[in-house]
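Trainee: just a sequence and a predicted model for now, questions to come.
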Amino acid sequence: CGVLFWESTAVGTMMFIMQTIVNMIFGGTLLTRTSAVHWILRWIFDVVPSRYTFRSSILLEFEGLTFKGFETCSNLAVSGPERASTACYGSAGLHVVESLRGSLFPSLTTESTWLQDMLIIVAELFFFKLIHAYILRRLSN
């Protein structure tokens, strides 16, 4: 990407690293609350494709699973230290996703958004491919 504008692979590498950092920060895993970001930068949350891949992949991974140990941490008769040492997110995969959504990752959902997420990612790829073709055409003239 950066090599299109400059004849230096170092600049292209720096642009790739910058894009990777933006994906990590605004993808919903490192910076989860949009309210923590200045309003001028909040649009980045909606543009970064890693947000949509994260949301769909978590649901696909956890849907249909069941977990043991939830009875221990939710039982008030169990001693405090034993209950505290057990992760208590839920017994079913969708319960875990809902718990993670409420406590850590607000971009997650228990509804299937796979098709919507894929359409957004493909639309973004198509848009950037058009920009890429336009830049190549301008540089060749």
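Mentor: In hand now; what should we look at?
Trainee: tell me how far the residue lying closest to N23 once chain neighbours are set aside lies from R42.
Mentor: In space, and not counting its chain neighbours, N23 is closest to S50: 4.4 Å by Cβ to Cβ, 6 or more residues apart in numbering. Bear in mind the C-beta positions are built from the backbone N, C-alpha and C, glycine included. In this view, S50 and R42 are 16 Å apart by Cβ to Cβ, to the nearest Å.
Trainee: helix or strand right after the helix or strand in which I44 is found?
Mentor: Here I44, judged by DSSP states H and E, is contained in helix 43-47. Heading C-terminal from helix 43-47, the first helix or strand you meet, by DSSP H and E, is helix 49-62.
Trainee: show me the contacts for the residue nearest the centre of the chain.
Mentor: Centroid check for the chain by Cα atoms, centre = their mean gives R51 as the closest residue, at 3.0 Å. R51 is in contact with F26, G27, G28, F45, S107, counting by Cβ atoms under 8 Å, 6 or more residues apart in numbering.
Trainee: give me the neighbour count for the closest residue to the last one other than its chain neighbours.
Mentor: Yep, that's S107 we're talking about. Distances taken as Cβ to Cβ, 6+ apart place G28 nearest to S107, at 4.0 Å, with adjacent residues excluded. For G28, the count of nearby residues is 24 (other Cβ atoms under 10 Å).
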